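Asks: Here is my input, please return the structure:
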Amino acid sequence: MESLHYLAYFGGGAILTNAVPHFVSGVMGRPFQSPFAKPHGEGLSSSTVNVLWGFFNLAIGYLLVCHVGNFDLHALDDAAALGLGILLFGVMTARMFGRFHGGNSPLQGRVSP
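Replies: Presented below is the predicted three-dimensional model:
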């Protein structure tokens with residue numbers, strides 16, 4: 001059963017990571033990609049939709065990390081499962097959103113001094 005706890009912590013880390021760009025973009029009043037836009041994940045959703053989607057992700061991440069098993073931030077195995085979810089999903093979303101915002105090739109189109 002403990003392996004399911006690690007899976008929940010990994011998934012919680014991924015979902016908490018997904019909450020960040022949506023919630024931050026939303027509270028900054030900026031549109032951002034979301035699963036509710038057309039086309040899904042590519043089109044922009046309003047800042048209000050992104051705040052709601054980010055908050056929903058925070059709630060689900062909280063449930064997965066804090067209410068499955070007995071998560072202990074001081075336990076290396078629990079923290080590693082959470083951290084791995086954060087890292088892997090962070091890199092994946094950086095690549096995915098980077099294609100829309102120029103983050104995959106930041107020097108492209110810049111003029112050197």
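Asks: Give me the distance between the residue most central in space within the chain and G41.
Replies: Per Cα atoms, centre = their mean, the C-alpha nearest to the average position across the chain is that of N18, at 1.5 Å. N18 sits 11 Å away from G41, going by Cβ to Cβ, to the nearest Å. Every residue, glycine included, has its C-beta placed from N, CA and C.
Asks: next one: G85
Replies: 19 Å.
Asks: These two: which has the busier surroundings?
Replies: A direct count of neighbours by other Cβ atoms under 10 Å for G85 and G41 places G85 higher, at 25 against 12.
Asks: residues in contact with the more buried one?
Replies: Residues counted as contacts of G85 (Cβ atoms under 8 Å, 6 or more residues apart in numbering) are Y9, F10, G11, G12, G13, A14, L16, T17.
Asks: Disregarding flanking residues, what is the spatial nearest neighbour of it?
Replies: G13 (2.7 Å; Cβ to Cβ, 6 or more residues apart in numbering).
Asks: what about that neighbour, which SS state?
Replies: helix (DSSP: H, G, I helix; E, B strand; the rest coil).
Asks: pretty sure G13 contacts D78?
Replies: No - look at G13 against D78 with Cβ atoms under 8 Å: they stay out of range, at 10.6 Å.
Asks: I86 and T17 touch, don't they?
Replies: Yes - taking contacts as Cβ under 8 Å, I86 lies within contact range of T17: 5.0 Å.
Asks: residue ranges for the strands of the chain, please.
Replies: Using DSSP state E, the strands found in the chain span residues 32-33, 44-45.
Asks: just to revisit the earlier point, what count of nearby residues applies to the residue nearest to G85?
Replies: Residues near G13, counting by other Cβ under 10 Å: 25.
Asks: pLDDT wise, what is L73 at?
Replies: We have a pLDDT of 92 for L73.
Asks: go on, G41?
Replies: 74.
Asks: any idea how far it lies from V65?
Replies: 24 Å.
Asks: Against S34, how distant is H22?
Replies: 6 Å.
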